[in-house]
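I would like the atomic coordinates for the input below:
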Amino acid sequence: MSSLGGDPLFDAVLGVVSALERLRIRYCVVGSLASATRGIFRGTEDADLVVAMTRHQVARFVEELGKDWYADEDTIRYALEAGRSFNVIHMPNAQKVDVFPPVTEFQYCGLKRATPVELRIGGGTICCPVASAEDTILAKLDWYRLGGQTSERQWRDIAGVIATNPDLDWAYLDEWARELRLGPLLAKARADAAA
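Below is the predicted model of the structure:
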């Protein structure tokens, strides 16, 4: 991991990833950072991670983050028990990192399939596990659907990942698209990316 310093998102992601790695907690980068890494780069102001943390690891995680972070142990434990996301905030620059516990079979599968890549954020690089291109497409399609199928940015992210990855595992994509009821959206995204 290296830093040129000064980028709020980079500093926040580096802080969370470093704490998770010191504690050997399995995680992967998802969302816009994953699609920018696996597809066409675009700037983003947020970071999303899937993190397989247990409630017994929370105190150590908060301790590892250190005094520059707002990370409430009780809130995190409650979120984990409820299977809901939580966030931690790097106070020097008010940068938030959203953390999603894996609660579905798809999320657990994606966590296992994530591979380490160079994540570039604001001039710095972090080598860390990032969701695969296929899992990024599926997750983005799900978010696009949940958002009422109106986000052009999400749709461009999806098309960008498809267009820049000629060796996608379409059998895997089709299987999970059926399971997640995303088949028609995946077909449309594939057609749009080919156009």
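
touching the helix or strand containing Q154 from outside, list them.
Using DSSP states H and E, Q154 falls within helix 152-163. Around helix 152-163, the neighbours that count as contacts under Cβ atoms under 8 Å, 6 or more residues apart in numbering are 32, 35-36, 38-40, 42, 133, 136-137, 140-141, 143-144, 147, 168, 189-190, 192-193. (C-beta placed from N, C-alpha, C; glycine too.)

can you get me a residue count around the residue nearest to R113 when sequence neighbours are not counted?
Among residues not flanking R113 along the chain, S132 sits closest, at 4.8 Å (Cβ to Cβ, 6 or more residues apart in numbering). For S132, the count of nearby residues is 24 (other Cβ atoms under 10 Å).

cool, V13 as well?
Quick note: V13 (other Cβ under 10 Å) scores 25 neighbours.

isn't P129 up against R113?
No - contact between P129 and R113 fails when scored by Cβ atoms under 8 Å: they sit 9.4 Å apart.

quick one: the strands in this protein?
Ranges of strands within the chain are 27-30, 47-51, 69-70, 86-90, 95-100, 115-121, 124-130, based on DSSP state E.

now do the fourth one against strand 47-51, angle only.
Angle of strand 86-90 versus strand 47-51, following axes from the mean of the first three to the mean of the last three Cα atoms, to 10 degrees, is 130 degrees.

contacts for strand 86-90?
Strand 86-90 is contacted by residues 8, 11-12, 15-16, 65, 68-71, 75-76, 79-80, 95-99 when judged by Cβ under 8 Å, 6+ apart.

list the contacts for the residue positioned nearest the centre of the chain?
Geometric centre of the chain, nearest residue: V30, 1.5 Å, by Cα atoms, centre = their mean. Residues near V30 by Cβ under 8 Å, 6+ apart: 48-50, 100, 110, 130-131, 135-136, 139.

6 Å instead?
48, 50, 131, 139 (Cβ atoms under 6 Å, 6 or more residues apart in numbering).

pull the contacting residues for the last one.
Right, the one you point to is A139. V30.

make it 10 Å
Listed by Cβ atoms under 10 Å, 6 or more residues apart in numbering, the contact partners of A139 are 30-31, 34-35, 48, 50, 100, 106-107, 110, 131, 158, 176, 180, 182.

of those, which is the most crowded?
Tallying neighbours with other Cβ under 10 Å puts A34 at the head of those, with 31 neighbours.

what about the helices in this protein?
Applying DSSP state H to the chain gives helices spanning 8-22, 31-38, 58-65, 73-82, 105-113, 133-146, 152-163, 170-179, 183-194.

could those helices go into CSV alongside distance to I89 and mean pLDDT?
Shown next, in CSV, are those (distance: least, Cβ to Cβ, whole Å; pLDDT from 0 to 100):
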stretch, distance to I89, mean pLDDT
helix 8-22, 8, 95
helix 31-38, 17, 93
helix 58-65, 10, 97
helix 73-82, 11, 96
helix 105-113, 23, 96
helix 133-146, 22, 95
helix 152-163, 23, 93
helix 170-179, 33, 97
helix 183-194, 33, 91
